[in-house]
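Chemist: Need a 3D model of the following:
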Amino acid sequence: MSRFLPLTIRFVNGGTMVVTTVAEARTALAGSWKNKEAPDYLEAVRLVDDAIAGICRPAIAFAAFKKAAAQQGLLKPARPSAALTMLDELWSRFKAPPG
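Modeler: Predicted coordinates:
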């Protein structure tokens with residue numbers, strides 16, 4: 001299965017998990033969520049199961065998982081990569097007035 005940019009999930013019970021694959025998303029969906037009856041959660045479960053079975057594109061399933069996690073406030077904010085931080089620093093030097 002394809003890999004995606006890492007998502008860090010903070011479960012209701014305080015545990016965390018980094019999710020980078022559809023299989024890991026399935027494991028995360030079995031964790032402690034705020035509302036396992038929410039429509040977006042149920043849709044994510046269905047699509048992740050379908051992706052594992054080969055009848056749904058993994059990218060669609062992973063996007064549904066991310067959406068469900070975000071709506072329940074379980075996504076931990078990601079820090080910018082080291083490369084992005086360096087690029088931001090360089091850009092700030094170019095846009096600063098000379099002097």
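
Chemist: going forward, measure contacts between C-alpha atoms and count neighbours the same way
Modeler: Will do.

Chemist: residue ranges with poor pLDDT in the protein?
Modeler: The chain contains residues with pLDDT under 70 at 1-2, 78-82, 84, 96-99.

Chemist: repeat that with 90
Modeler: Under the criterion pLDDT under 90, the flagged ranges of the chain are 1-5, 76-99.

Chemist: This structure: helices as residue ranges?
Modeler: Using DSSP state H, the helices found in the chain span residues 22-29, 39-53, 58-71, 82-95.

Chemist: Just send those helices back as TSV, with distance to Leu7 and mean neighbour count too.
Modeler: Shown next, in TSV, are the helices of the chain (distance: least, CA to CA, whole Å; neighbours: other CA atoms under 10 Å):
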stretch	distance to Leu7	mean neighbour count
helix 22-29	9	20
helix 39-53	15	19
helix 58-71	8	20
helix 82-95	17	10
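
Chemist: mind giving me JSON lines with the ones you listed and columns for distance to Val12?
Modeler: Putting these into JSON lines (distance: least, CA to CA, whole Å) gives the following:
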{"stretch": "helix 22-29", "distance to Val12": "12"}
{"stretch": "helix 39-53", "distance to Val12": "14"}
{"stretch": "helix 58-71", "distance to Val12": "11"}
{"stretch": "helix 82-95", "distance to Val12": "29"}
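
Chemist: Report the separation between the closest residue to Asp40 other than its chain neighbours and Pro39.
Modeler: Among residues not flanking Asp40 along the chain, Ala68 sits closest, at 5.1 Å (CA to CA, 6 or more residues apart in numbering). Here Ala68 is placed at a distance of 9 Å from Pro39 (CA to CA, to the nearest Å).

Chemist: ditto for Phe11
Modeler: Separation of Phe11 from Pro39 (CA to CA): 18 Å.

Chemist: Could you do Leu29 as well?
Modeler: According to CA to CA, Leu29 stands 13 Å off from Pro39.

Chemist: Could you tell me the phi and psi values at Leu5?
Modeler: Dihedral angles of Leu5 (phi, psi; degrees, to the nearest 10) stand at phi -60, psi 140.
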